[in-house]
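[1] The sequence isn't on hand, but the structure is:
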């Protein structure tokens, strides 16, 4: 059973924006780093971004740097991924996952604990 739950995906036009949500238990945000990943049709899952809520560190992969922003609303135990200037290449199912640390998030293949959730589908039309 997944520890986190994603939502907020949908259909958006090229150049548009979406905000994804990742709801976690309070203990999860206190304990783990939270990574965002995506899997495009026919491709392997890849890392997108990572945040360590307990020390405030945030990291993005080059392909989304400057377009995507992670934020945390502790009162709602939610990690957001704001995605701006979306393009067809961003079409994918997006997942969030607990990680031990953001240090290796770009190579992570599995959540540190539990399993992958259902994800939330993002489709960008050209």
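    Right, received. Where do you want to start? Note that the structure is a prediction, hence the values are computed from the model and not measured.

[2] Where do the strands of the chain begin and end?
    Taking DSSP state E as the test, the strands found in the chain are 5-7, 10-13, 18-23, 33-39, 46-52, 57-60, 68-73, 78-83, 92-99, 120-125.

[3] nearest to residue 111, of the ones you listed?
    Distance to residue 111, taken as CB to CB, is lowest for strand 92-99 among those, at 3.9 Å. For every residue, glycine as well, the C-beta is placed using N, CA and C.

[4] Can I get the strands of the chain in TSV including mean pLDDT?
    Formatted as TSV, the strands of the chain follow (pLDDT from 0 to 100):
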stretch	mean pLDDT
strand 5-7	97
strand 10-13	98
strand 18-23	98
strand 33-39	97
strand 46-52	96
strand 57-60	95
strand 68-73	95
strand 78-83	97
strand 92-99	97
strand 120-125	98
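
[5] now those in JSON lines, with mean neighbour count?
    As requested, those are arranged in JSON lines below (neighbours: other CB atoms under 10 Å):
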{"stretch": "strand 5-7", "mean neighbour count": "18"}
{"stretch": "strand 10-13", "mean neighbour count": "13"}
{"stretch": "strand 18-23", "mean neighbour count": "20"}
{"stretch": "strand 33-39", "mean neighbour count": "24"}
{"stretch": "strand 46-52", "mean neighbour count": "23"}
{"stretch": "strand 57-60", "mean neighbour count": "16"}
{"stretch": "strand 68-73", "mean neighbour count": "16"}
{"stretch": "strand 78-83", "mean neighbour count": "22"}
{"stretch": "strand 92-99", "mean neighbour count": "24"}
{"stretch": "strand 120-125", "mean neighbour count": "17"}
